[in-house]
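> Sequence first, predicted coordinates after that:
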There are 2 protein chains.
Amino acid sequence: MVTTEITTSATNVIYVGQKPLMNYVLAAGKRLVEDGSSVLIQARGRSISKAVDVALITVDRAKGGVKLDDIGINTEVLPGADGSPLNVSSIKIFLSKP
Amino acid sequence: MVTTEITTSATNVIYVGQKPLMNYVLAAGKRLVEDGSSVLIQARGRSISKAVDVALITVDRAKGGVKLDDIGINTEVLPGADGSPLNVSSIKIFLSKP
């Protein structure tokens, strides 16, 4: 059972957005080396595909040093341009050092 | 721990691609009503975001009748246009009736 909400104490959150893919991969790798044992990769909407790429490339580059821990998907309700609520899918991918 | 490979006996696989979102939502809903207790939603590359939308809308529309069971992400190696291997991210989202 995958929860739609991951509660975590990780402060190492990488928000994936419009920048090139490798920016996020390098940021995730750096955080894992410098700041602790885990990183949470988050994205909304169309950036979800890129977040999955970032997670898989990060795990692959670590050559066994980082594992995919948990994945959660959720619907977030954001205020739309005209003020009406807008449902946007989001993903959280939790990576950790084994 | 989320596995990168989900082994399942489900034959109810919905491949999410270029068609409009609601085509897949309706297909997933239909399969769950007619053909059994589970459905696997799969996508590659940029369609991953749409697959997440399909899964969340399907769960939401079922009003408690369908739950998010498991999510797996993986890298698939496909032959590229010039014959060289191409790494593509993929997602599998497993929905079932409780």
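Cool, the structure landed.

> partner residues bridging residue A:68?
For residue A:68, the beta-bridge assignment (DSSP bridges) gives partners residue A:95.

> Tally up the residues packed near it, please.
20 (other Cβ atoms under 10 Å in any protein chain shown). C-beta here means a position set from N, CA and C on the backbone, and glycine is covered the same way.

> any idea how far it is from residue B:73?
7 Å (Cβ to Cβ, to the nearest Å).

> how far away is the spatially most central residue of chain A from residue B:22?
In chain A, the residue lying closest to the centroid (Cα atoms, centre = their mean) is residue A:41, at 1.6 Å. Applying Cβ to Cβ, the value for residue A:41 to residue B:22 is 28 Å.

> swap in residue A:85?
The value you get for residue A:85 to residue B:22, if Cβ to Cβ is used, is 19 Å.

> low pLDDT regions in chain A?
For chain A, the stretches flagged by pLDDT under 70 are A:1-11.

> again, only using 90
A:1-12, A:30-38, A:61-65, A:77-87, A:97-98 (pLDDT under 90).

> Near chain B, which residues of chain A are found?
Residues of chain A lying close to chain B by Cβ under 8 Å from any Cβ of the partner chain are A:1-2, A:4, A:45-49, A:52-53, A:55-56, A:60, A:67-75, A:89, A:91, A:93.

> In helices only, show me those.
A:48, A:49, A:52, A:53, A:55, A:56, A:60 (DSSP state H).

> so what's the residue nearest to the centre of chain A up against?
Applying Cβ atoms under 8 Å, 6 or more residues apart in numbering or on different chains, we find residue A:41 in contact with A:13-14, A:16, A:24, A:28, A:51, A:54-55, A:58, A:92-95.
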